[in-house]
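Asks: need a structure here:
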Amino acid sequence: MFDNLSDRLSQIFKKIKGHGKLSEKNIQDALRDVRMALLEADVNFKVVKAFTQSVKQRALGHEVMESITPGQQFVKIVHEELIQTMGDTGGELNLKGQKPYSILLVGLHGSGKTTSSAKLAIWLQGKGRLPYLVPADVYRPAAIDQLTQLANKINIPVHPSKGDQDPVDICLQARAEAAKQGRDTLIIDTAGRLHIDNDLMDELNRIRTTIEPSEILMVADAMTGQDAINIATRFNELLDIDGVILTKLDGDARGGAAFSIKAVTGKPIKFVGTGEKTDALEPFHPDRLVSRILGMGDILSLVEKAEAAIDEKKARELEEKMRKNAFTLEDFQDQLQQIRKMGSLDQLMSMIPGFQKLSKKMPGMQPNEKELVKIEAIINSMTKQERREHTIINGSRRKRIAKGSGTSVQDVNRLIKQYVQAKTMMKRISKMGPRGLGNLLP
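Replies: This is a model prediction of the structure:
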């Protein structure tokens with residue numbers, strides 16, 4: 001989403017770093033370019049104006065003009081001010097009141113409320129909570145069925161709502177049932193409209209007054225740009241929302257909504273949707289997003305994803321196999337699956353500092369998701385014995401595997417070669433001990 005903005009800012013910073021000393025004119029020129037880059041990214045014009053004024057005031061101060069590295073100081077100020085504009089710190093859920101707590105999800109049709117409900121349930125479950133999903137949209141055809149199917153898929157209890165019930169009654173019954181089952185957090189998926197109208201707001205206000213939710217989160221589609229800000233502003237005026245879930249942040253929109261919502265509404269973005277899978281919801285960290293946009297990477301998020309995706313027991317088993325040189329194609333496949341659990345390769349690589357800049361210079365470094373799918377298909381077409389003893393895979397077996405996986409013999413050969421190389425590398429590392437990886441470096 002932020003590739004164009006990242007490229008523009010990178011060019012601006014490179015240009016300003018080229019000046020040994022900064023003058024007021026250098027700073028004015030750089031800020032004009034920054035202003036244009038942000039406006040082209042669909043950032044609210046009032047937000048852009050306030051941001052550039054703040055940067056200018058700090059950039060013309062003593063800390064930059066007299067600095068040994070004025071260009072870097074300028075970048076530092078832009079970095080800090082972008083974080084401040086986006087909310088300084090990510091919003092946290094404030095689950096208060098009597099259990100079970102209630103989280104009310106509101107928004108317009110198509111914003112992603114229903115899928116966000118399921119994603120939020122998974123996230124809460126990962127934090128040790130016991131969520132209970134409540135379909136309270138009785139107007140949209142199949143809305144109740146959609147959330148019920150999602151809930152069954154992720155194995156989280158869902159309330160058996162009926163389309164002819166009053167949404168307030170559904171919420172009251174759901175709260176009683178959740179308490180009975182020992183669930184501690186209700187996630188209520190409410191009805192939406194194509195636009196905000198009196199009927200919608202009357203219903204949401206009735207639910208709010210009756211349930212007294214701990215959190216009211218508005219779900220907004222990042223692809224709608226400035227409309228997302230206008231919608232958030234209106235919902236906030238009428239319901240006093242606690243925060244925003246911004247969906248489709250992995251899309252190709254320009255990203256202005258992410259920069260503008262907090263500054264315009266005063267309410268933080270609490271979560272962002274980063275994909276279609278039910279685990280593709282992340283707490284919003286403005287500092288990490290800004291670091292990614294400025295090409296500084298996001299190691300913290302990368303580590304968190306690894307910790308969530310990698311099975312500790314399997315990691316210990318793998319270490320033991322490496323020591324014994326018993327790393328099989330089954331283990332190779334398992335490692336690929338754990339990497340894929342962490343998210344798309346593009347997303348993971350964007351978190352590595354400097355990778356985006358390097359990948360533009362070396363286009364061949366761009367990760368290819370299709371290759372991982374192909375590798376899994378090839379390994380799945382092998383017998384259990386072939387996965388455990390790759391040396392028995394002769395010419396006729398390779399043809400059979402290629403045919404079964406819809407690939408070519410050359411693809412099978414390439415995979416086996418990659419596996420042997422990985423096995424050899426792991427054997428070398430295991431022999432070197434704890435400092436093995438460091439000894440491999442030049």
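Asks: okay, strands next: where are they in the protein?
Replies: For the chain, the strands defined by DSSP state E occupy 101-106, 131-135, 185-189, 215-221, 243-247, 269-273, 281-283.
Asks: who wins for proximity to Ser23 among these?
Replies: strand 269-273 (36.8 Å; Cβ to Cβ). Placement of C-beta: from N, CA and C, glycine included.
Asks: so what are the sheet partners of the closest one and their directions?
Replies: Using DSSP bridges, the strands paired with strand 269-273 are strand 243-247 (parallel), strand 281-283 (antiparallel).
Asks: check contacts around Ile392.
Replies: Residues in contact with Ile392, defined by Cβ atoms under 8 Å, 6 or more residues apart in numbering, are 385-386.
Asks: distance of it from Glu276?
Replies: Distance of Ile392 to Glu276, computed by Cβ to Cβ, to the nearest Å: 39 Å.
Asks: same thing with Gln72?
Replies: To Glu276, Gln72 is 39 Å away according to Cβ to Cβ.
Asks: which one's more surrounded, the two?
Replies: The residue with more neighbours, out of Gln72 and Glu276, is Gln72; 14 against 11, by other Cβ atoms under 10 Å.
Asks: model confidence for the residue nearest the centre of the chain, exactly?
Replies: By Cα atoms, centre = their mean, the chain has its centre lying nearest to Thr274, at 3.6 Å. For Thr274, the pLDDT comes out at 81.
Asks: hang on, it packs against Ala280?
Replies: Yes - applying Cβ atoms under 8 Å, one finds Thr274 in contact with Ala280, separated by 4.8 Å.
Asks: elements contacting the longest helix along the chain?
Replies: The residue-count maximum for a helix in the chain (DSSP state H) belongs to helix 409-432. Applying 3 or more Cβ pairs under 8 Å, 6 or more residues apart in numbering; DSSP states H and E, we find helix 409-432 packed against helix 312-324, helix 329-341, helix 369-380, helix 395-405, helix 436-440.
Asks: using PDB, write out every CA atom in it.
Replies: The C-alpha trace of helix 409-432 is given here as PDB (Å, rounded to 0.1, in the frame of the first residue of the first chain):
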ATOM      1  CA  VAL A 409      11.100 -33.000 -13.800                       C
ATOM      2  CA  GLN A 410      13.400 -29.900 -13.700                       C
ATOM      3  CA  ASP A 411      11.300 -28.500 -10.900                       C
ATOM      4  CA  VAL A 412      11.600 -31.700  -8.900                       C
ATOM      5  CA  ASN A 413      15.400 -31.700  -9.500                       C
ATOM      6  CA  ARG A 414      15.700 -28.100  -8.400                       C
ATOM      7  CA  LEU A 415      13.800 -28.800  -5.200                       C
ATOM      8  CA  ILE A 416      15.900 -31.800  -4.300                       C
ATOM      9  CA  LYS A 417      19.100 -29.800  -5.000                       C
ATOM     10  CA  GLN A 418      17.800 -26.900  -2.700                       C
ATOM     11  CA  TYR A 419      17.000 -29.500   0.000                       C
ATOM     12  CA  VAL A 420      20.400 -31.100  -0.200                       C
ATOM     13  CA  GLN A 421      22.100 -27.600   0.000                       C
ATOM     14  CA  ALA A 422      19.900 -26.700   3.100                       C
ATOM     15  CA  LYS A 423      20.700 -30.000   4.700                       C
ATOM     16  CA  THR A 424      24.500 -29.500   4.100                       C
ATOM     17  CA  MET A 425      24.300 -26.000   5.600                       C
ATOM     18  CA  MET A 426      22.500 -27.200   8.700                       C
ATOM     19  CA  LYS A 427      25.000 -29.900   9.200                       C
ATOM     20  CA  ARG A 428      27.800 -27.300   9.100                       C
ATOM     21  CA  ILE A 429      26.000 -25.000  11.500                       C
ATOM     22  CA  SER A 430      25.300 -27.800  14.000                       C
ATOM     23  CA  LYS A 431      29.000 -28.900  14.100                       C
ATOM     24  CA  MET A 432      30.100 -25.300  14.800                       C
END
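Asks: what is the orientation angle of that helix with helix 369-380?
Replies: 90 degrees (axes from the mean of the first three to the mean of the last three Cα atoms, to 10 degrees).
Asks: quick check: mean pLDDT of helix 409-432?
Replies: Averaging pLDDT along helix 409-432 yields 78.
Asks: could you do stretch 209-216 as well?
Replies: 94.
Asks: list the buried ones in that stretch?
Replies: 211, 213-216 (16 or more other Cβ atoms under 10 Å).
Asks: what would those look like in CSV with distance to Asn205?
Replies: Listed next are these as CSV, based on distance: Cβ to Cβ, whole Å:
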residue, distance to Asn205
Ile211, 11
Pro213, 12
Ser214, 17
Glu215, 16
Ile216, 11
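Asks: which residue of this protein sits farthest from its center?
Replies: Max distance from the centre of the chain (Cα atoms, centre = their mean): Ser396, 43.9 Å.
Asks: from Ile293, how far out is that residue?
Replies: Ser396 is 52 Å from Ile293, by Cβ to Cβ.
Asks: tell me the pLDDT at the closest residue to Val78 other than its chain neighbours?
Replies: Nearest residue to Val78, sequence neighbours excluded (Cβ to Cβ, 6 or more residues apart in numbering): Val55, at 5.9 Å. For Val55, the model assigns a pLDDT of 89.
Asks: equivalent analysis for the one 10 residues further on, please.
Replies: Residue-level confidence at Met65 comes out at 58, pLDDT.
Asks: now the one 4 residues further on
Replies: We have a pLDDT of 70 for Thr69.
Asks: same check, this time on Gly343
Replies: So, for Gly343, pLDDT stands at 62.
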